[in-house]
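Peer 1: coordinates only, sequence not included:
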């Protein structure tokens with residue numbers, strides 16, 4: 001029986017999952033950068049270098065993690081000789097800078113030596129700025145001016161110039177470290193860097209991850225000449241090609257065949273970014289499903305039928321690994337806001353359950369909240385405390401039950417309002433993340449959106465996306481694997497209360513008016 005292997009290189013760890021043709025997860029392993037690789041002095045996988053917000057990781061740490069992950073799996077009895085396909089994903093936006101030595105070294109990795117020792121001489125920059133880096137505000141403004149404004153960049157690339165994105169990172173490096181930039185022959189993303197290592201070749205960047213760079217043209221799926229020129233000198237020659245996510249990079253490198261026992265026929269499929277991979281890993285690669293992830297920040301993403309971009313510049317459009325496009329909007333005031341409400345009221349999470357929410361009516365009698373406890377990015381507004389609106393009694397002295405409902409309804413009304421530009425007609429919502437297990441929160445999502453909600457049991461959708469993509473690209477039974485790996489939790493379905501539609505329409509109007517008045521101040 002064939003097996004499929006996928007990796008998830010996230011901010012704090014590198015994980016691997018092995019699945020057989022029957023959909024059985026036969027092995028899982030994870031390397032925590034802080035705990036397992038303490039010599040890198042990165043307890044959470046990164047280091048903040050300056051007060052200006054530069055946040056970086058060491059690319060060699062990712063390579064040591066890859067070796068350690070595979071070594072642990074082999075020590076635990078995993079036989080890699082049956083692996084038919086390998087793929088995976090990396091945290092989006094991180095950039096790795098390599099000299100021309102890279103092109104020869106990657107083809108001749110010595111299985112008797114650690115990866116990090118062999119790749120270290122190839123680095124033109126010792127560190128890789130990652131998605132948390134917010135030091136490139138000047139560079140974003142420069143790119144915007146050169147292109148004719150933020151929305152012009154958004155229409156071209158899918159996003160306005162974003163500090164966390166790769167293009168502004170590259171521009172800052174080219175300005176601040178001219179000599180090192182001149183020595184840079186190749187710039188990889190985390191995803192394509194690891195795919196290169198595994199395949200022993202200079203891998204392309206896939207459509208999904210390339211779109212998170214402020215450099216790819218959505219119409220052509222190629223590097224946009226204007227954006228490339230606006231970003232850094234001689235950049236086009238330093239970037240890999242852009243290829244479809246289903247592209248085979250050839251067989252796994254001899255390094256992994258000899259060191260870990262992979263078969264010579266095992267193929268590596270192009271890696272993608274963590275968000276596009278999660279779309280596939282949740283079984284939402286085709287239009288018709290919204291995915292809402294409830295985490296520290298809340299995220300909504302979905303497959304799109306066409307690359308409609310956000311006229312306000314809050315949301316993003318990436319390539320969909322299944323083909324076409326996907327949209328994504330992030331809401332900074334997610335679980336942290338819900339936790340602030342819980343702490344403010346001195347209650348536990350049972351106060352958010354469906355049973356307790358029944359003490360208040362759907363729509364909360366028109367009483368609502370702008371639930372931002374700090375700066376929000378969708379929409380962009382800087383509030384240091386929540387704003388209540390509605391009846392004087394509620395604004396002055398809200399009950400705990402009404403306060404909780406106002407927070408939840410406000411979060412999901414805002415989410416619905418800020419994603420209308422996607423022009424989607426979804427039939428269902430897939431809910432994931434820690435808060436998704438709460439029935440009250442799940443029911444509120446269903447009621448506000450007017451859509452049934454399903455919840456998935458898997459917590460590693462990024463890696464599962466790699467499994468499904470590898471199987472699809474190489475002729476495996478991806479359909480069966482999807483049915484098994486993406487099955488919802490039994491009994492988790494929540495259907496909307498159709499009688500709530502008018503109440504939520506009125507509440508959304510009040511929410512919009514209150515928000516607009518705050519933005520106009």
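Peer 2: Right, received. Where do you want to start? Keep in mind that this is a model prediction, so the values were computed, not measured.
Peer 1: C-alpha from now on. contacts and neighbour counts both.
Peer 2: Will do.
Peer 1: which residues of the stretch 151-300 of the chain fall in helices?
Peer 2: 166-176, 178-183, 190-199, 207-210, 225-231, 254-260, 274-281 (DSSP state H, counting those that start in this stretch).
Peer 1: buried set for the longest one?
Peer 2: Spelled out, that is helix 166-176. Neighbour counts over helix 166-176 (16 or more other CA atoms under 10 Å) mark 166-174 as buried.
Peer 1: Show me what that helix is in contact with.
Peer 2: 93-95, 129, 136, 139-140, 143, 161-163, 180-182, 212-215, 231-233 (CA atoms under 8 Å, 6 or more residues apart in numbering).
Peer 1: Pull the distance from it to the chain's centre.
Peer 2: Computed by CA atoms, centre = their mean, to the nearest Å, the chain-centroid distance of helix 166-176 equals 22 Å.
Peer 1: now do the second one
Peer 2: Centroid separation between helix 178-183 and its chain, computed with CA atoms, centre = their mean, is 30 Å.
Peer 1: And for that helix, what's in contact with it?
Peer 2: Outside helix 178-183, the residues touching it (CA under 8 Å, 6+ apart) are 99-100, 124-125, 173-174.
Peer 1: Tell me which of the helices of the stretch 151-300 of the chain lies nearest to residue 154.
Peer 2: helix 225-231 (11.0 Å; CA to CA).
Peer 1: Just list what that closest one packs against, helices and strands only.
Peer 2: Counting contacts by 3 or more CA pairs under 8 Å, 6 or more residues apart in numbering; DSSP states H and E, helix 225-231 packs against helix 137-147, helix 166-176.
Peer 1: Kindly recompute the last result at 10 Å.
Peer 2: Secondary-structure packing of helix 225-231 (3 or more CA pairs under 10 Å, 6 or more residues apart in numbering; DSSP states H and E): helix 137-147, helix 150-157, helix 166-176, strand 216-217.
Peer 1: and the angle for the third one with helix 137-147?
Peer 2: This means helix 166-176. Interaxial angle, helix 166-176 versus helix 137-147 (axes from the mean of the first three to the mean of the last three CA atoms, to 10 degrees): 110 degrees.
Peer 1: Could you give the average pLDDT over helix 166-176?
Peer 2: The average of the pLDDT scores along helix 166-176 is 97.
Peer 1: Repeat that for the first one.
Peer 2: In this model, helix 137-147 carries a mean pLDDT of 97.
Peer 1: buried sites along it?
Peer 2: Buried-residue list, helix 137-147, by 16+ other CA under 10 Å: 137, 139-144, 146-147.
Peer 1: and the angle for it with helix 150-157?
Peer 2: Going by the same axes, to 10 degrees, helix 137-147 makes 80 degrees with helix 150-157.
Peer 1: helices or strands up against helix 137-147?
Peer 2: Using 3+ CA pairs under 10 Å, 6+ apart: helix 137-147 touches helix 150-157, helix 166-176, helix 225-231.
Peer 1: Please tabulate the buried residues of helix 137-147 in JSON lines and include distance to residue 270 as additional columns.
Peer 2: Output for the buried residues of helix 137-147, formatted as JSON lines (distance: CA to CA, whole Å):
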{"residue": "137", "distance to residue 270": "31"}
{"residue": "139", "distance to residue 270": "29"}
{"residue": "140", "distance to residue 270": "29"}
{"residue": "141", "distance to residue 270": "32"}
{"residue": "142", "distance to residue 270": "32"}
{"residue": "143", "distance to residue 270": "29"}
{"residue": "144", "distance to residue 270": "30"}
{"residue": "146", "distance to residue 270": "32"}
{"residue": "147", "distance to residue 270": "30"}
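Peer 1: Kind regards, and thank you for your time.
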